[in-house]
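Participant: Sharing a model that was predicted from the sequence below.
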Amino acid sequence: MRGNFGTFLRRALAVTALMASTIAWASSEVSASTSHATTAQSTCDIVLNPSVRIESKIPCVVEIRLAGDARLNLRTGFRWSVPTSTSSVVKVTSISRNSVGVLSAVLRAAKVGRATIRATGTEVCKPNVMCPDLAILWTLQVVVAKTI
């Protein structure tokens with residue numbers, strides 16, 4: 001039992017942080033769906049425009065018109081990897097980070113078809129504060145069509 005307390009504490013903190021983030025996410029989903037839309041940001045971290053349509057929020061599936069662009073703004077609080085596409089159907093371009101480490105990119109619909117965009121994020125912790133090793137795998141399914 002000796003020496004296991006640190007492991008136990010880390011696991012307990014990780015579970016607590018995961019539960020808290022799930023509850024926060026669920027409550028934001030409810031408030032977003034019950035209030036009037038005031039921003040162009042969707043729950044799938046995509047900025048909506050005439051070339052983009054949300055097909056499903058869970059899992060996140062968006063449709064982009066061929067040769068159209070969609071801006072991706074990943075949520076704050078995480079240090080994100082560069083998003084990658086599983087197919088040449090969607091090109092990830094114009095990757096940028098701001099001062100708090102939020103990643104944004106442009107998704108360019110190059111061909112008709114399907115692609116999955118993936119990025120990983122690790123939680124950004126304040127200096128000298130105990131923080132769980134929390135990571136997230138962000139995915140977005142993209143369908144490129146001639147018209148939407």
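Facilitator: Yep, that arrived. Numbers count the residues shown, from 1 in each chain.
Participant: what does the domain assignment say about the chain?
Facilitator: 1-38, 39-145 (automatic domain parsing).
Participant: Averaging pLDDT over each of those, report the lowest-scoring one.
Facilitator: Mean pLDDT values for the domains of the chain show the minimum at domain 1-38, a mean of 48.
Participant: mind listing the strands for the chain?
Facilitator: All strands of the chain, identified by DSSP state E, fall at 46-47, 52-57, 60-65, 69-73, 78-80, 84-85, 90-97, 103-109, 113-123, 135-145.
Participant: neighbouring contacts of the first one?
Facilitator: Identification of contacts with strand 46-47 by CB atoms under 8 Å, 6 or more residues apart in numbering yields 40, 41, 52, 54, 60, 62, 70, 71, 72, 73, 107, 140. Backbone N, C-alpha and C define where each C-beta goes, glycine included.
Participant: Now for residue 109: which residues touch it?
Facilitator: 51, 64, 65, 66, 67, 68, 69, 70, 89, 90, 142, 144.
Participant: and if we set it to 6 Å?
Facilitator: 64, 66, 68, 144 (CB atoms under 6 Å, 6 or more residues apart in numbering).
Participant: Could you check how far the first one is from residue 118?
Facilitator: Residue 64 sits 17 Å away from residue 118, taking CB to CB, to the nearest Å as the criterion.
Participant: List the buried residues in stretch 133-141.
Facilitator: 134, 136, 138, 140, 141 (16 or more other CB atoms under 10 Å).
Participant: follow-up on the earlier one: what about residue 64 and residue 118, which has more around it?
Facilitator: The neighbour count for residue 64 versus residue 118, taken as other CB atoms under 10 Å, is higher for residue 64 (24 against 13).
Participant: How about that one, nearest residue that isn't a chain neighbour?
Facilitator: residue 109 (4.2 Å; CB to CB, 6 or more residues apart in numbering).
Participant: again, but for residue 147
Facilitator: For residue 147, the spatially nearest residue (CB to CB, 6+ apart) is residue 65, at 6.3 Å.
Participant: again, but for residue 116
Facilitator: residue 86 (4.5 Å).
Participant: For burial, what's the neighbour tally of that neighbour?
Facilitator: 14.
Participant: was I right about residue 72 contacting residue 108?
Facilitator: No. Counting by CB atoms under 6 Å, residue 72 stays clear of residue 108, with 11.0 Å between them.
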